[in-house]
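Trainee: Predicted model and sequence below, questions to follow.
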Amino acid sequence: WETAVARAIPAASPAEVSVATQSCLGMIFSIAYWPAKVTRTAGLADHMVRMATEGLDAFRQ
């Protein structure tokens, strides 16, 4: 995961890559604990990908 994230944000320090990776993974893994109704949201996968990739933009500034 960190290798993939590091490729997405090459200017990030190793610590920033770790933070970004853990943030993305936390968001993804948290879905298992969401209410079932929420997990059936139309386009959920697309929303999650967008949130993760746009969240990486915080490390590009």
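Mentor: Perfect, I can see it now. Numbers count the residues shown, from 1 in each chain.

Trainee: all contacts plus neighbour counts: C-alpha atoms, from now on.
Mentor: Fine.

Trainee: which other residues reach stretch 52-61?
Mentor: 8-9, 11-12, 16, 20, 24 (CA atoms under 8 Å, 6 or more residues apart in numbering).

Trainee: What is the helix or strand that contains F29 packed up against?
Mentor: Using DSSP states H and E, F29 maps to helix 14-30. Helix 14-30 sits against helix 2-8, helix 44-56, with contacts defined as 3 or more CA pairs under 8 Å, 6 or more residues apart in numbering; DSSP states H and E.

Trainee: which residues sit against it?
Mentor: Residues contacting helix 14-30 (CA under 8 Å, 6+ apart): 1-2, 5-6, 9, 48, 52, 56, 59.

Trainee: Identify each buried residue in it, please.
Mentor: 17-18, 20-21, 24 (16 or more other CA atoms under 10 Å).

Trainee: what about the residue lying closest to A11 once chain neighbours are set aside, how many neighbours?
Mentor: The spatially closest residue to A11, leaving aside those adjacent along the chain, is R60, at 7.1 Å (CA to CA, 6 or more residues apart in numbering). Counted with other CA atoms under 10 Å, residues neighbouring R60 total 11.

Trainee: Next: V5.
Mentor: So V5, with other CA under 10 Å, has 18 neighbours.

Trainee: got the contact list for it?
Mentor: With CA under 8 Å, 6+ apart, V5 has these contacts: 17, 20-21.

Trainee: repeat that with 7 Å
Mentor: V5 sits next to 17, 21 when contact means CA atoms under 7 Å, 6 or more residues apart in numbering.

Trainee: and the gap between G55 and A36?
Mentor: 25 Å (CA to CA, to the nearest Å).

Trainee: In this structure, which residue sits furthest out from the middle?
Mentor: K37 (21.6 Å; CA atoms, centre = their mean).

Trainee: Flag every buried residue along stretch 45-58.
Mentor: 52, 56.

Trainee: just how off-centre is that stretch within its chain?
Mentor: Averaging C-alpha positions (CA atoms, centre = their mean, to the nearest Å) puts stretch 45-58 6 Å from its chain's average.

Trainee: just to revisit the earlier point, any idea which of the contacts of helix 14-30 is the one closest to A42?
Mentor: Nearest to A42, judged by CA to CA, of the contacts of helix 14-30 is M48 at 11.5 Å.
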